[in-house]
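S.K.: Sharing a model that was predicted from the sequence below.
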Amino acid sequence: GAGVSQSPSNKVTEKGKDVELRCDPISGHTALYWYRQSLGQGLEFLIYFQGNSAPDKSGLPSDRFSAERTGGSVSTLTIQRTQQEDSAVYLCASSLTAYEQYFGPGTRLTVT
Amino acid sequence: ELKVEQNPLFLSMQEGKNYTIYCNYSTTSDRLYWYRQDPGKSLESLFVLLSNGAVKQEGRLMASLDTKARLSTLHITAAVHDLSATYFCAVGQGAQKLVFGQGTRLTINP
């Protein structure tokens, strides 16, 4: 079946602009995660959604970052007033249980 | 705070040789994962280890978990070039997130 999909695959933006990154999880998966992979920081957890519960936002690095998940499916990660240190690959994952996370192909964000 | 450390971070080896990647973590967890990442690609799940003494094997890769020592190993047997990739271990924290190691970049030379 279809895996986790993310769009766009690449995004180049100017410093100070806002960006939106999209994640379509595997159908039926109730949990959705965002991670960031950068050269300096490795792979970091950003945010987690589980069903209708309040999301765990403990990994968001600043208040410029926000995410929402509509209808328990698609999620959007928004970064406002982008900075060069936001350049990274943003990975989305989804799961049905706590014991497996399936990762999407990622969005490579470059802030110039 | 949960910390996960892998070693080595870089590994260059010859085809046909055996080697082991180590993953240490600092606090108790009920699950440990190994992922593979090829350049420019996403993470591919290799193994999920859920209990002390768990051992899983797939082809030339074998992973084990010692929860008392907070240590997991990924053993490569008779390496082949196709196994060249970056390997990450990750430890589950709570029900939500994974905390990743730094990754081990493995290069297998003919």
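M.R.: In hand now; what should we look at?

S.K.: Show me where chain B dips below the pLDDT cut-off.
M.R.: Low-confidence segments of chain B (pLDDT under 70): none present.

S.K.: residues from it in reach of chain A?
M.R.: Within chain B, the positions near chain A by Cβ under 8 Å from any Cβ of the partner chain are B:31, B:33, B:35, B:41-45, B:48, B:50, B:88, B:90, B:92, B:95-103. Where C-beta positions appear, they are placed from N, C-alpha and C, glycine not excepted.

S.K.: Of these, just the buried ones, ChimeraX syntax please.
M.R.: Buried residues among the residues of chain B next to chain A (16 or more other Cβ atoms under 10 Å in any protein chain shown), as a ChimeraX selection:
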select /B:31,33,35,42,43,48,88,90,92,96,97,98,99,100,101,102,103
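
S.K.: got the contact list for stretch B:5-21?
M.R.: Identification of contacts with stretch B:5-21 by Cβ atoms under 8 Å, 6 or more residues apart in numbering or on different chains yields B:22-25, B:73-81, B:87-89, B:101-110.

S.K.: Sort out which of the residues you listed are buried, if you could.
M.R.: B:23-25, B:73-74, B:76-77, B:79, B:87-89, B:101-106, B:108.

S.K.: Strands - which of those land there?
M.R.: Counting by DSSP state E, these place B:23-25, B:73-74, B:76, B:87-89, B:104-106, B:108 in strands.

S.K.: so residue A:108 bridges to which residues?
M.R.: residue A:10, residue A:89 (DSSP bridges).

S.K.: Isn't it up against residue A:7?
M.R.: No: counting by Cβ atoms under 8 Å, residue A:108 does not reach residue A:7; the two are 11.8 Å apart.

S.K.: which ones are touching the residue nearest to residue B:87 when sequence neighbours are not counted?
M.R.: Sequence neighbours aside, residue B:104 is the residue nearest to residue B:87 in space, at 4.9 Å (criterion: Cβ to Cβ, 6 or more residues apart in numbering or on different chains). Contact analysis of residue B:104 by Cβ under 8 Å, 6+ apart lists B:6, B:7, B:8, B:9, B:10, B:11, B:21, B:86, B:87, B:88.
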